[in-house]
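Engineer: no sequence for this one, just the structure:
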């Protein structure tokens, strides 16, 4: 398969291209356009340089995997039982809505599941805000490149090692990246901005390792049963790691064993690996779409740039249609204005004078009325606040006294329970009901949430928690669902 990987940074754009037959090209250019914090601020300028780079090096354009250094993202680790792919996707989205700081509607999401004990998955979920990705797609389109997939640099680096416990440190001139692997799962992902182009190499490395030591201490403090051991290696890579003095600098700043990242034989060879580490890791990316994830395979979701580009194109088509309608209205208005201009200048001047006099009178009346309204609004706001507080007290009182409403609510919840699900307790609050229960399968919990959303009077049902149940009474999975009325 012909694949080109692009790693875009604020100071360099690197590429590796393979034709699928073992032939590999690699190279780089320095961008003239502005890229800051992973955001391409001048898509047309960057696109022109990328287009020229592809043309002069005859690089394949159909399958281009991109990564952007410094691209801001948020991530979380969740534990979920194994289940059907369709149910898993729905379950993870519900968990993301509850646990991540940004709505999934405002991010492009990727996730990767890792096997865990007791028939469970540990799932790494990362979300990238839309604007940087949209600007990347705009840049690729202007360069005549068909978008393919977006790769997260940290996950690209993980593919380069067979170690299950390691600390990967990529030292670059603009942003350095750290990945902490524990039991084969990326537990900590971190970006460290450079001190600036004038900073000395020693200062850059000390900053990175100082931040790393703090991260390890924080992680170990929060995971006393699964700490990062003193024997875990620090694996160095990145453009700055090509300097022979870097290993010595890192060894001075930490007690962990330090060595250069040394990938196994499956990685492309014949190039300066540490300078192109992210590109090499992207070539190893499993290009699996959501439809291709099987029942027994580890669930994963990639950021499909091609699909996003098609969605953005549909939005733009609608926008163009709306602009065309507006253009017709503007053109019609122009014709009316032209006809009005044919009137005699004296007639127009008289009408303008009358309108100006009426406007001055109206402004004076408006000022008087606004002053009175402002004063009354302050009083009204105070009254509204008092009324709201009284209404809240009354609502809380009625929620306790008029229990018949909750009798019908509980009856509706009971009717929504699928086979294999039992709820053990309820918490009734203002505007919501929390259901605690057990189930034989996670799929039944997802179905329970669907049923609750379908009954009248409920806006949504969020699965707050699914976990393996403790004790021997009842089904094997415990869950919590919050129902908004």
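Structural biologist: Cool, the structure landed. Remember, it's a predicted structure, so these values are computed and weren't measured experimentally.

Engineer: buried stuff in the helix or strand where residue 445 lies?
Structural biologist: Assigned by DSSP states H and E, residue 445 belongs to helix 442-454. Residues 442-449, 451-452 are the ones in helix 442-454 that count as buried (16 or more other Cβ atoms under 10 Å). All C-beta spots, glycine's among them, are computed from the backbone N, C-alpha and C.

Engineer: ditto for stretch 177-194
Structural biologist: Counting neighbours by 16+ other Cβ under 10 Å, stretch 177-194 gives 177-182, 185-189, 191-192, 194 as buried.

Engineer: tabulate those (TSV), appending distance to residue 114, pLDDT and secondary structure.
Structural biologist: Output for the buried residues of stretch 177-194, formatted as TSV (distance: Cβ to Cβ, whole Å; pLDDT from 0 to 100; DSSP: H, G, I helix; E, B strand; the rest coil):
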residue	distance to residue 114	pLDDT	secondary structure
177	20	96	strand
178	19	96	strand
179	14	97	strand
180	14	96	strand
181	11	96	strand
182	11	95	strand
185	5	95	strand
186	9	96	strand
187	10	94	strand
188	14	94	strand
189	14	95	strand
191	22	94	strand
192	25	94	strand
194	31	92	coil
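
Engineer: is it possible to get CSV of those that adds distance to residue 158?
Structural biologist: Shown next, in CSV, are the buried residues of stretch 177-194 (distance: Cβ to Cβ, whole Å):
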residue, distance to residue 158
177, 11
178, 12
179, 6
180, 10
181, 7
182, 12
185, 9
186, 6
187, 11
188, 12
189, 10
191, 15
192, 17
194, 22
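
Engineer: out of the residues you listed, which is nearest to residue 259?
Structural biologist: residue 181 (14.8 Å; Cβ to Cβ).

Engineer: and the closest one, bridged to which residues?
Structural biologist: residue 166, residue 186 (DSSP bridges).

Engineer: I figured it hits residue 162, correct?
Structural biologist: No: using Cβ atoms under 8 Å, residue 181 makes no contact with residue 162, being 10.6 Å away.

Engineer: sorry, back to before: show me the two of the buried residues of stretch 177-194 that sit farthest apart.
Structural biologist: Top of the distance list for the buried residues of stretch 177-194 (Cβ to Cβ): 185 and 194, 28.2 Å.

Engineer: returning to that earlier point: contacts for the helix holding residue 445?
Structural biologist: For helix 442-454, the surrounding residues in contact (Cβ atoms under 8 Å, 6 or more residues apart in numbering) are 80-84, 87, 90-91, 94, 413, 416-421, 437, 439, 458-463, 466, 477, 479, 481, 483.

Engineer: next SSE downstream of that helix?
Structural biologist: Next along the chain after helix 442-454, taking DSSP H and E as the criterion, comes strand 460-468.

Engineer: list the contacts of that next one.
Structural biologist: So strand 460-468 is in contact with 79-81, 91, 94-95, 97-98, 118, 120, 442, 445-446, 448-450, 452-453, 476-484, going by Cβ under 8 Å, 6+ apart.

Engineer: roughly how far does the closest residue to residue 81 other than its chain neighbours sit from residue 120?
Structural biologist: Closest residue to residue 81 apart from its sequence neighbours, by Cβ to Cβ, 6 or more residues apart in numbering: residue 442 at 4.1 Å. According to Cβ to Cβ, to the nearest Å, residue 442 stands 9 Å off from residue 120.

Engineer: which ones are touching the residue nearest the centre of the chain?
Structural biologist: The residue lying closest to the centre of the chain (Cα atoms, centre = their mean) is residue 127, at 1.7 Å. When contacts are counted by Cβ under 8 Å, 6+ apart, residue 127 touches 73-75, 96, 100, 102, 104, 107-109.

Engineer: what residues sit buried inside the one helix or strand residue 115 maps to?
Structural biologist: Using DSSP H and E, residue 115 maps to strand 107-116. Using 16+ other Cβ under 10 Å as the test for burial, strand 107-116 gives 107-114, 116.

Engineer: residue 237 against residue 156, yeah?
Structural biologist: No: at 10.7 Å, residue 237 does not count as touching residue 156 under the criterion of Cβ under 8 Å.

Engineer: between those two, which is the more surrounded one?
Structural biologist: Comparing residue 237 with residue 156 by other Cβ atoms under 10 Å, the one with more neighbours is residue 237, at 28 against 25.

Engineer: what's across from that one in the sheet?
Structural biologist: Applying DSSP bridges, one finds that residue 237 bridges with residue 170.

Engineer: if I look at it, how far off is residue 279?
Structural biologist: 12 Å.

Engineer: among the contacts of strand 460-468, name the ones in strands.
Structural biologist: 79-81, 120, 477-484 (DSSP state E).

Engineer: of those, which pair is most distant in space?
Structural biologist: Farthest-apart pair in the ones in strands among the contacts of strand 460-468 is 120 and 484; separation 28.0 Å (Cβ to Cβ).

Engineer: these two - which one has more neighbours?
Structural biologist: The residue with more neighbours, out of residue 120 and residue 484, is residue 120; 19 against 13, by other Cβ under 10 Å.

Engineer: you'd agree the more buried one is up against residue 81?
Structural biologist: Yes: counting by Cβ under 8 Å, residue 120 sits close enough to residue 81 to count as a contact (5.4 Å).

Engineer: right, I'll leave it there.
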